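# sequence first, then the predicted structure, then my questions.
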Number of protein chains: 4
Amino acid sequence: MLLILHPDIDKQSEDYLATLKHLNALSGVTVKEHIVQGQQQQLTEIYLIGETKSLDTADMEALPAVERVIRISEEYRVLGRHHDDQRVSGFDFQGLRFDQESLHVFAGLCAVDTPEHVEIMLKTLAAHGQRCTRMGAYKPRTNPYAFQGHGKGCLPYVFELAGKYNMAAIAMEVTHESHIEEIDTCLEKCGRPTSVILQIGTRNTQNFELLKAIGRQQRYPALLKRGFGITLNESLNAAEYLASEGNAQVIFCLRGMKSEYGAPHRNMVDFSHIPVVKRLTRMPVCIDPSHSVGTRDHSPDKVMDIAHATAQGIVAGANMVLVDFHPAPTQALVDGPQALLLDELPRYLDDIALCRETYEKRRALWQ
Amino acid sequence: MLLILHPDIDKQSEDYLATLKHLNALSGVTVKEHIVQGQQQQLTEIYLIGETKSLDTADMEALPAVERVIRISEEYRVLGRHHDDQRVSGFDFQGLRFDQESLHVFAGLCAVDTPEHVEIMLKTLAAHGQRCTRMGAYKPRTNPYAFQGHGKGCLPYVFELAGKYNMAAIAMEVTHESHIEEIDTCLEKCGRPTSVILQIGTRNTQNFELLKAIGRQQRYPALLKRGFGITLNESLNAAEYLASEGNAQVIFCLRGMKSEYGAPHRNMVDFSHIPVVKRLTRMPVCIDPSHSVGTRDHSPDKVMDIAHATAQGIVAGANMVLVDFHPAPTQALVDGPQALLLDELPRYLDDIALCRETYEKRRALWQ
Amino acid sequence: MLLILHPDIDKQSEDYLATLKHLNALSGVTVKEHIVQGQQQQLTEIYLIGETKSLDTADMEALPAVERVIRISEEYRVLGRHHDDQRVSGFDFQGLRFDQESLHVFAGLCAVDTPEHVEIMLKTLAAHGQRCTRMGAYKPRTNPYAFQGHGKGCLPYVFELAGKYNMAAIAMEVTHESHIEEIDTCLEKCGRPTSVILQIGTRNTQNFELLKAIGRQQRYPALLKRGFGITLNESLNAAEYLASEGNAQVIFCLRGMKSEYGAPHRNMVDFSHIPVVKRLTRMPVCIDPSHSVGTRDHSPDKVMDIAHATAQGIVAGANMVLVDFHPAPTQALVDGPQALLLDELPRYLDDIALCRETYEKRRALWQ
Amino acid sequence: MLLILHPDIDKQSEDYLATLKHLNALSGVTVKEHIVQGQQQQLTEIYLIGETKSLDTADMEALPAVERVIRISEEYRVLGRHHDDQRVSGFDFQGLRFDQESLHVFAGLCAVDTPEHVEIMLKTLAAHGQRCTRMGAYKPRTNPYAFQGHGKGCLPYVFELAGKYNMAAIAMEVTHESHIEEIDTCLEKCGRPTSVILQIGTRNTQNFELLKAIGRQQRYPALLKRGFGITLNESLNAAEYLASEGNAQVIFCLRGMKSEYGAPHRNMVDFSHIPVVKRLTRMPVCIDPSHSVGTRDHSPDKVMDIAHATAQGIVAGANMVLVDFHPAPTQALVDGPQALLLDELPRYLDDIALCRETYEKRRALWQ
């Protein structure tokens, strides 16, 4: 780790002395000072060598004499994409491959409401060759008095119907570690006709205890949504919490950032970060156009903004799509108005296929 | 709840029909339509009467025909300040009063490191007549490989020393529901020489499961920090989660908002919201100048920015101050560089007393 | 205009009386009150009828008794897309059509440096069939001591070379109304071998005096960049300043929003707003991938983020692309590191053509 | 200037070669390379020596091999507070002293409407010993169809009445360079009974041409408001534009930042930056509580949020207050609802005096 001190700092100043005192007190770290003489000013650099991984950049940056901090060692130790990285990327799950090359669509219900809706949803997906879906049982809501999902009560019929319609994987949000066991127990009871990708929502991106609990098991992969109000770097560090506990089967999901600049969309769509996440880490990248856009509005070209956003994600190489459909949006208990209709599914899938083909041609073009 | 439709909406349009269909399908809700003829345009309003509390404003706002939604019923049902509100506000804890009139300073260690530092910190506080402190045992960190606090291992000596120096209350962050029991068990073992206010940090503001767990017990009050990336309204709704489960002893803490507009401060100081939180809710309001400002820098008047921010909070009526001190900041494991020094404590307390007196004079002036 | 008052407002309250007094004092406006009785509360609505166009929503919203304001009348009077709108959209310029259906690429130099670079740039564009370019003569810079562009000194050779290589239109930023005349005079002198689209940069989005000056002439169309720190609505209102003075030949340019959520990109790419701008207004929509992304970094698929962002814009229906190229980026005086290389032009144009074809197929799919 | 390259960069890599090529092509700059061997990785540093002032940090940071850039030379050359700075700070204007020690209140009309309102406003100010005021003649508005101020038509009576009531200085916004001459001509005609501080509003913070025009004259000082959507550093650089042209009589005004985190206030109050601006520059710091807060709401302690925000500014050392009053807010043409009432003036001034006294005591305490 390298600390750049303020230019022309006085070695007798309180700031300098306090900083050095702090650094020299760090255990397992050797402090080396280096002076650079510019034409106009002098620059002092401090190198910290040894056990610097546990040092926090922000803490060092806040030392009174320090101007900037450079971490020489690598970030996102497990999930990161490092120099000449030969480690295997991606993972197999339920006979499907998830990596930075693959593409899977997880269409389904934002919130499970009735067995009838689950069945017609899954039946329609199966009729269009889909093997994956999304089903929300546990719903965190801003208002404590709003509907919070049917919870474990709906799991048996969700899993049975998923098996009936040959769904390999369901993306399902969990908000408490006990949900992992509830899901596992119910799957076991049902004879494991399908399986689950554990989704961590935006409100829990930095709920490190939940991340660690999910990271401690390897049976179910994780789908981590980017957090609000924090940098991309901080959200990627949250993904590393999962990996640091032993579960590196992590998919990272872009879902828009809450910002007044995003209006009239629900959030500011952030799918331009697909290539960035692929460059910084080895995680597959998912997009959630429904929650990013949050409306069924369409432009004068008759294409819904949600379809445009999806196309933008696919054409830049997205590896997964999480999207809300509903057989009867007017009866949906959560986010009904942003759901696509079942009869829009074939066109939506065709649009994705077309954009995926375009992505592949584009990639060939730039080799 | 009132829905304002888009001006001049056509009653035969798909948007209108889909919206009405959705609304009529809601159970326990009566739909009443009202037409207003403007000079230039016509406005349609839909009133939803009955069980509208569980409806989500955002969901309604996303219906295709809807322009705006007005919730007639009240927000923050338990903690909110409503019309002609006669409910008792605030609470007593450990012989101390916490309400929108009181003022308490919780100075202490951001992160507990050694028993020696804890003792000298508490001894100094006691010498200046303080009965409250902050002590961090569980530390959530952005990077999974950074120091995460000594956890329950340090609780015995923290509580014993707190008793020795007559501390009535310790503000202590918890990041998992099991920490509540760890704290409770340890306090019981030690003979309850002190007690704890359970602090929920910014990363967990919308960790609703943790909030509900804390809300289910009444022995320990809660100190909820405002969340990053969400509106004030959403953070206040999170506080309501605590109350909705039965624990209305909640203090709301302003701690700055992460924003590039805040630089060179660590966060954008938000203490101008003190009167707003008091107006919207009946919670006491705490300020955290250390994490808001995040630096010991001072202006040419020799007053540190942290002291200026504290003064700004007190002079506008803050009810609690959470502030980092450390006997040897260079040895602090977390956030050392923003900590105040023990010999700055008397001046810091004098500054607070002076500003509090000014607040009281100001209040008298404006009656 | 409709004002919704706070629920259950007391007609004797100071807030109510002050509000009504303010409203009754407005000239040319009739005030009509309407009471709605909900099951739990009562709602009061005030209708303002007559000359309400000059009233500011924010002013009304700030009245003490007012909860929300709904403007019944239309926004973006000239440029907006209104109900059953039959007005002609778009414009012809230099033999080219600019509307919400067309697509033009304006590749070129962010800042003009030497006649040699201008010539090689234009020659390359011409060789690839391009008739449009971008050339920066006047450069606003954050730091007053940074290079500010060659100004009118470079106009003669820029225009002559543009004529030589058959460029129909040059997008050129102006920062002062005198630049319009400088450009006009120089074009006249050169015999008008080309023409100019006057570009207004982000720092001047709300420089209303400059907008009005550009709006007062009709010879040169305007390309208005979206502003930082303001809502999309406010930037669209700025465009309306141009039109309100008489020049409705306005192209609106998305160029990313400054936000810490955008890092490591220079700005947060906002191209998901293409369909939104098309829906709200009748302006053609331009994208500026160079300034949005700000880096030549590429993802592991070898495609640069700038190319990905461009593809995302085109596939969602963008009508114009403003993009930085440079024959020798290491010698560029401004933004060299984000410039594409001349030998990347053919692939870049092929990529655009491929994505445009995909957009057209997508549009057909969704009819 | 110092460029830190990416750790372990390969000297044969394209990124490295392109970067060096770019740097070596810079004229007047010598490039020196320095290698630092860490225990785990190697770090390469490039020093640029010579004419580096015109280089843009962002441009350098965007070079492919560069990780971070450190500018050794000084920022805000004229207005900045540098090491051991002995230059005289502040200025005298109309017999009044403006520097980082002084305090002046500029209460008045946001927008001039009638001579009667101007007179009663000024008469009231004079009765309370005030020598300064604010009067808005030119009003930039988001919507082109909103009232834009009476412009030069109202200047004669504003200046005459200011003279009659012995006002030394009027803060008046200008939005176009021609306004400077309009004001100057009118003052001259009236016999200069008062004078003007030229205010630059938030929408024009980076309207560099306007800043340069104001900077080219020295008769009238400038009051520059902080800009929306940009960093504090960028706003301070805008102030430097004034000084770089020759007018260093600049006051910097904090006025809140537009942000959804600020709601229900109009903007997010940023007065915690008072000590920061004083530390980074030698400019006096003004606060604008009216536009920051934007409402007359008050907390349960009966003190309006505007008064609380003002107190927060004064107690931290603000040097000037710009605040909206109106004799009849219901008739105000702009921002009436946020205006204070004339009979609130004495209490408002008493509150300021009390907080100023507290600031002085606080400063003495911390010496």
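It's in.

# only C-alpha atoms from now on, for both contacts and neighbour counts.
OK.

# list the contacts of A:N237.
A:76, B:142-144 (CA atoms under 8 Å, 6 or more residues apart in numbering or on different chains).

# show me which pair in those residues is furthest apart.
Spanning the widest gap among the contacts of A:N237 are A:Y76 and B:T142, at 11.3 Å by CA to CA.

# just want to know which of the two has more residues nearby.
With neighbours defined as other CA atoms under 10 Å in any protein chain shown, A:Y76 and B:T142 compare such that A:Y76 has more, 23 against 20.

# quick one: which helix or strand includes the closest residue to the more buried one other than its chain neighbours?
Nearest residue to A:Y76 in three dimensions, chain neighbours excluded: A:E240, at 5.8 Å (CA to CA, 6 or more residues apart in numbering or on different chains). For A:E240, the element it lies in under DSSP states H and E is helix A:232-244.

# C-terminal to that helix, what's the next element?
Using DSSP H and E, the first helix or strand after helix A:232-244 is strand A:250-254.

# which strands and helices sit next to that following strand?
Applying 3 or more CA pairs under 8 Å, 6 or more residues apart in numbering or on different chains; DSSP states H and E, one finds that strand A:250-254 contacts strand A:222-225, helix A:232-244, strand A:285-287.

# run the last query once more with 7 Å
Packing contacts for strand A:250-254, counted by 3 or more CA pairs under 7 Å, 6 or more residues apart in numbering or on different chains; DSSP states H and E, involve strand A:222-225, strand A:285-287.

# quick check: which of those strands is nearest to chain B?
With CA to the nearest CA as the criterion, chain B lies closest to strand A:222-225 of the helices and strands packed on strand A:250-254, at 14.3 Å.

# CA atoms only for the closest one, dumped as PDB, please.
The C-alpha trace of strand A:222-225 is given here as PDB (Å, rounded to 0.1, in the frame of the first residue of the first chain):
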ATOM      1  CA  ALA A 222     -26.400 -16.400  -5.200                       C
ATOM      2  CA  LEU A 223     -27.800 -13.600  -7.300                       C
ATOM      3  CA  LEU A 224     -26.600 -10.300  -5.700                       C
ATOM      4  CA  LYS A 225     -28.300  -7.100  -6.600                       C
END
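
# helices or strands up against that strand?
Strand A:222-225 packs on strand A:195-200, strand A:250-254, going by 3+ CA pairs under 7 Å, 6+ apart.

# how about JSON lines for those, with mean pLDDT, mean neighbour count and distance to C:L2 added?
Output for the helices and strands packed on strand A:222-225, formatted as JSON lines (pLDDT from 0 to 100; neighbours: other CA atoms under 10 Å in any protein chain shown; distance: least, CA to CA, whole Å):
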{"stretch": "strand A:195-200", "mean pLDDT": "98", "mean neighbour count": "24", "distance to C:L2": "41"}
{"stretch": "strand A:250-254", "mean pLDDT": "98", "mean neighbour count": "28", "distance to C:L2": "38"}
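
# next SSE after the helix or strand A:L20 falls within?
Using DSSP H and E, A:L20 maps to helix A:14-24. Next in sequence after helix A:14-24, counting helices and strands by DSSP H and E, comes strand A:29-37.

# check the offset of that next one from the chain's centre.
Counting by CA atoms, centre = their mean, to the nearest Å, strand A:29-37 is centred 39 Å from the centre of its parent chain.

# other SSEs contacting the helix or strand that comes right after that strand?
As assigned by DSSP H and E, the chain's next helix or strand after strand A:29-37 is strand A:42-50. On a contact count with 3+ CA pairs under 7 Å, 6+ apart, strand A:42-50 meets strand A:2-5, strand A:29-37.

# hang on, the earlier thing: now, the contacts of A:N237 that are in strands?
Applying DSSP state E to those, no entry is found in strands.

# kindly reformat the residues you listed as CSV containing pLDDT.
As requested, the contacts of A:N237 are exported to CSV (pLDDT from 0 to 100):
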residue, pLDDT
A:Y76, 85
B:T142, 88
B:N143, 87
B:P144, 87
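
# for the residues you listed, which one is nearest C:E119?
For the contacts of A:N237, the nearest to C:E119 is A:Y76 (46.2 Å; CA to CA).

# now that closest one: phi and psi?
Here is the backbone geometry of A:Y76 (degrees, to the nearest 10): phi 50, psi 60.

# from A:S244, how far out is it?
Separation of A:Y76 from A:S244 (CA to CA, to the nearest Å): 9 Å.

# A:P115 too?
38 Å.

# and A:V31, bridged to which residues?
A:L48 (DSSP bridges).

# how much space between the closest residue to chain D within the stretch 251-367 of chain A and C:N233?
Of all residues in the stretch 251-367 of chain A, A:E260 sits closest to chain D, with a separation of 6.1 Å (CA to the nearest CA). Using CA to CA, we find A:E260 at a distance of 11 Å from C:N233.

# and for A:V323?
On the measure of CA to CA, A:V323 and C:N233 end up 28 Å apart.

# for A:L349, same thing?
Relative to C:N233, and taking CA to CA, A:L349 is found at 33 Å.

# the more surrounded of those two?
C:N233 (19 against 15).

# if we can go back for a sec, just the helices and strands packed on strand A:250-254: most buried one?
strand A:285-287 (a mean of 30; mean count of other CA atoms under 10 Å in any protein chain shown).

# show me what from the stretch 201-350 of chain A comes close to chain D.
Residues of the stretch 201-350 of chain A lying close to chain D by CA under 7 Å from any CA of the partner chain are A:E260.

# of all the residues in the stretch 201-350 of chain A, which ones are close to chain C?
Residues of the stretch 201-350 of chain A lying near chain C (CA under 7 Å from any CA): A:231-232, A:260-261, A:269, A:272, A:275-276, A:278-279, A:299-303, A:305, A:308-309, A:311-312, A:315-316, A:347.

# 6 Å instead?
Selection of the stretch 201-350 of chain A residues close to chain C by CA under 6 Å from any CA of the partner chain yields A:231, A:261, A:275, A:279, A:299-300, A:303, A:308, A:312, A:316.
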